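> Prediction below, plus the sequence it came from.
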Amino acid sequence: MSSSSLFQSVYVLTNKEYHAKWDQEALQKLKVPTVRVFNKGVAAMHALKEDKPDILLCDGVLDDMDGLAFIHAMRKDQDLKKLPVI
């Protein structure tokens, strides 16, 4: 297995602490150098304006909105609409 990762940066959006921990651990094992976790869609959207990850992992429920509402808002932004989301 190569020492580099397919992704250099991944954002994780979830309001569940155990999901965030599990995702961070899994991504560390995959040698992803940058993993940022957000529990609020508004904070994640601000961060996306500053620095776009290679991919976004989005849970169905966040502290301030549901995951689908976040994705719909993100898709309206020309700079973010093609960002891959799982």
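Arrived safely.

> Flag every buried residue along the host helix or strand of Ala47.
Element membership for Ala47, per DSSP states H and E: helix 41-50. The neighbour-count check on helix 41-50 (16 or more other Cβ atoms under 10 Å) flags 41, 44-45, 48 as buried. (C-beta placed from N, C-alpha, C; glycine too.)

> same deal with stretch 66-83?
Residues of stretch 66-83 classed as buried by neighbour count (16+ other Cβ under 10 Å): 67, 70-71, 74, 80, 83.

> Also stretch 19-28?
Residues 19-20, 23-24, 27 are the ones in stretch 19-28 that count as buried (16+ other Cβ under 10 Å).

> Determine how far stretch 34-53 lies from the middle of the whole chain.
Averaging C-alpha positions (Cα atoms, centre = their mean, to the nearest Å) puts stretch 34-53 7 Å from its chain's average.

> got a list of contacts for that stretch?
Defining contact as Cβ atoms under 8 Å, 6 or more residues apart in numbering, one finds that stretch 34-53 is touched by 7-15, 20, 23-24, 27-28, 56, 62-65, 69-70, 73-74, 79-80, 83.

> Which of the three states applies to the spatially most central residue of the chain?
Nearest to the geometric centre of the chain sits Tyr11, at 2.5 Å (Cα atoms, centre = their mean). Classification of Tyr11 by DSSP: H, G, I helix; E, B strand; the rest coil places it in strand.

> Show me what the helix ranked longest in the chain is packed against.
Longest helix in the chain by number of residues (criterion: DSSP state H): helix 17-29. Secondary-structure packing of helix 17-29 (3 or more Cβ pairs under 8 Å, 6 or more residues apart in numbering; DSSP states H and E): strand 9-13, strand 34-38.
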